[in-house]
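Colleague: Sequence below, structure please.
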Amino acid sequence: MSKSTIFFAFLLFHSIIALSQEIIPLDTVNWDINARSYVLESFKGKDAIYLQAGSMTLKDANFLNGTIEYDIYMTETRGFPGVYFRSNGSDAEQFYIRPHQSGNPDANQAVAVFKGITPWQFYFGPKYSFVYDYPVDQWMHVKIVVHDDKAQVYLDHAEKPNLSWQLFHEAKAGGLTFTGGLANGIHLANFKVNKDEFELKDFNPGEREPIEGAIAQWEVSDKFEEKLLDNPNNVQSVINGRKWGQKIVLEEGVAANISRKVELRDDTPGNTVFAKLTITANKDETRLFEFGYSDRVVVLLNGEPIYKGNNGFRTRDYRYLGTIGLFDAVYLNLKKGKNTLLLAVSENFGGWLVTGRFANTQGLKIE
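Modeller: Here you go, the predicted structure:
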């Protein structure tokens with residue numbers, strides 16, 4: 001055997017070894033598995049994990065930039081299998097699939113986690129999801145490419161990205177966690193992470209139409225329990241007991257994300273904050289104020305409750321998503337001089353959000 005033959009045989013051998021090492025073994029050495037139940041098994045031609053109502057976290061991932069790949073066995077069962085990446089505490093970037101929405105505009109979701117909340121009720125539409133007809137009872141490949149403040153996803157070995165989006169958090173290395181289905185579970189296989197491959201192709205993120213005239217900034221209070229608002233005669237004491245100073249700003253020209261600043265599920269009880277505007281009017285007059293919120297709201301003008309609403313998931317009909325928009329309005333009886341407008345916004349899940357605008361701001365100063 002010639003030296004050149006030996007050399008190429010050596011390269012081939014090590015290439016095969018490297019290729020085989022790309023797939024991360026499914027074991028508790030490499031993974032922390034936290035699920036109602038899981039099974040490691042050979043399934044439909046692949047070494048797979050059946051993950052029921054839970055997640056699996058890659059140990060010591062420290063992922064910043066690179067390519068994440070895995071296979072998912074698609075069924076029509078309702079669920080939200082996906083991946084959290086760059087996880088740091090209660091913040092993360094995320095992409096997940098909605099198998100039960102195959103062929104629909106919301107068949108999947110690019111989003112982030114902010115202090116434990118995934119605000120899909122804010123980041124929705126063609127900028128953050130795409131129509132896709134999923135294969136049924138077949139394996140489907142998922143590839144996510146991450147580079148600095150950008151990401152792309154490719155489904156089923158597509159040559160061009162199915163979706164490109166701007167990431168939500170400052171680029172910082174963090175954890176990698178994969179989620180399975182709900183109670184019915186789902187099969188996953190062939191996990192690969194390559195930190196050396198992060199080339200983006202045809203990066204073209206979608207656009208979103210802003211809300212003209214939306215309030216640019218709100219001041220928010222500390223957190224308190226929603227039930228304190230049940231008695232309207234005690235509202236002033238609730239207001240007086242608040243701490244202030246945090247500011248939230250309009251994003252994408254649409255809404256402000258309260259969970260950028262306030263953590264819903266921590267050691268402090270409560271699920272509600274006040275979002276405040278100070279409005280200085282030149283005279284006594286009535287002005288229409290259009291607004292949106294998630295999930296529930298009590299509106300107060302100068303300490304008096306004037307409106308109560310519920311925009312939560314499935315509250316208005318069984319298909320209602322509770323996405324943010326200017327779906328509510330109230331007439332404000334403004335007094336000459338300074339007026340304080342408070343929106344007590346309460347959250348369960350899907351996005352802790354507030355937005356609003358005056359159709360006519362002439363003669364008003366809004367702080």
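Colleague: Run through the chain and note the low-pLDDT ranges.
Modeller: Along the chain, segments meeting pLDDT under 70 span 1-21.
Colleague: With just CA atoms, put the longest strand seen in it into CSV.
Modeller: Selection of the longest strand in the chain by residue count, based on DSSP state E, yields strand 46-63. C-alpha atoms of strand 46-63 as CSV (Å, rounded to 0.1, in the frame of the first residue of the first chain):
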residue,chain,number,x,y,z
LYS,A,46,-33.3,6.3,14.5
ASP,A,47,-31.9,6.2,18.0
ALA,A,48,-34.4,8.5,19.7
ILE,A,49,-35.8,9.8,22.9
TYR,A,50,-39.5,9.8,23.6
LEU,A,51,-40.1,12.9,25.8
GLN,A,52,-43.4,13.4,27.5
ALA,A,53,-44.3,16.7,29.1
GLY,A,54,-40.8,17.9,29.8
SER,A,55,-37.4,19.0,28.5
MET,A,56,-33.8,18.0,28.1
THR,A,57,-30.9,20.4,28.7
LEU,A,58,-27.5,19.9,27.2
LYS,A,59,-24.9,20.0,29.9
ASP,A,60,-22.2,22.7,29.7
ALA,A,61,-23.5,23.9,26.4
ASN,A,62,-22.3,27.5,26.7
PHE,A,63,-23.8,28.3,23.3
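Colleague: so what secondary structure elements neighbour the next helix or strand after that strand?
Modeller: Sequence order places strand 66-74 as the next helix or strand after strand 46-63, per DSSP states H and E. If you count contacts as 3 or more C-beta pairs under 8 Å, 6 or more residues apart in numbering; DSSP states H and E, strand 66-74 packs onto strand 82-88, strand 138-147, strand 186-194. Backbone N, C-alpha and C define where each C-beta goes, glycine included.
Colleague: Which one, of these, ends up nearest to residue 37?
Modeller: Counting by C-beta to C-beta, residue 37 lies closest to strand 186-194 out of the helices and strands packed on strand 66-74; the figure is 12.2 Å.
Colleague: ok, back up a step: so what are the sheet partners of the longest strand of the chain and their directions?
Modeller: Applying DSSP bridges to the sheet, strand 46-63 is found paired with strand 31-43 (antiparallel), strand 174-179 (antiparallel), strand 186-194 (antiparallel).
Colleague: Packed most tightly, which of the helices and strands packed on strand 66-74 would that be?
Modeller: Here the criterion is mean neighbour count by mean count of other C-beta atoms under 10 Å, and of the helices and strands packed on strand 66-74 the winner is strand 82-88, at a mean of 22.
Colleague: and the angle for that one with strand 174-179?
Modeller: For strand 82-88 against strand 174-179, the angle by axes from the mean of the first three to the mean of the last three C-alpha atoms, to 10 degrees is 160 degrees.
Colleague: Send over the following helix or strand past strand 82-88 as CSV, restricted to the C-alpha atoms.
Modeller: Next helix or strand after strand 82-88 toward the C-terminus (DSSP H and E): strand 91-97. Output of strand 91-97 as CSV, limited to C-alpha atoms (Å, rounded to 0.1, in the frame of the first residue of the first chain):
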residue,chain,number,x,y,z
ASP,A,91,-34.1,34.8,29.8
ALA,A,92,-33.6,32.9,26.5
GLU,A,93,-34.1,32.9,22.8
GLN,A,94,-36.6,30.3,21.4
PHE,A,95,-38.0,28.7,18.3
TYR,A,96,-40.8,26.1,18.5
ILE,A,97,-43.3,24.3,16.3
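Colleague: So which residues make contact with strand 91-97?
Modeller: 72, 80-86, 107-115, 118, 134, 142, 144, 146, 151, 153, 167-169, 174-175, 177, 179 (C-beta atoms under 8 Å, 6 or more residues apart in numbering).
Colleague: Among these, name the buried ones.
Modeller: Buried members of these, counted by 16 or more other C-beta atoms under 10 Å: 72, 80-86, 107-115, 118, 134, 142, 144, 146, 151, 153, 167-168, 174-175, 177, 179.
Colleague: and residue 272, what does it touch?
Modeller: 223-226, 228-229, 344-347.
Colleague: Drop anything exposed from those.
Modeller: 223-224, 226, 229, 344-347.
Colleague: Could you export those residues as a markdown table, including distance to residue 64?
Modeller: What follows is those, written out as a markdown table (distance: C-beta to C-beta, whole Å):
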| residue | distance to residue 64 |
| --- | --- |
| 223 | 32 |
| 224 | 37 |
| 226 | 39 |
| 229 | 43 |
| 344 | 39 |
| 345 | 34 |
| 346 | 36 |
| 347 | 30 |
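Colleague: can you pull the contacts of the closest residue to residue 298 other than its chain neighbours?
Modeller: Nearest non-adjacent residue to residue 298, counting by C-beta to C-beta, 6 or more residues apart in numbering: residue 344, 4.3 Å away. Taking C-beta under 8 Å, 6+ apart, we find residue 344 in contact with 226, 229, 272-274, 297-300.
Colleague: repeat that with 10 Å
Modeller: Residues in contact with residue 344 (C-beta atoms under 10 Å, 6 or more residues apart in numbering) are 221, 224, 226, 228-229, 235, 238-239, 272-275, 293, 296-300, 305, 308.
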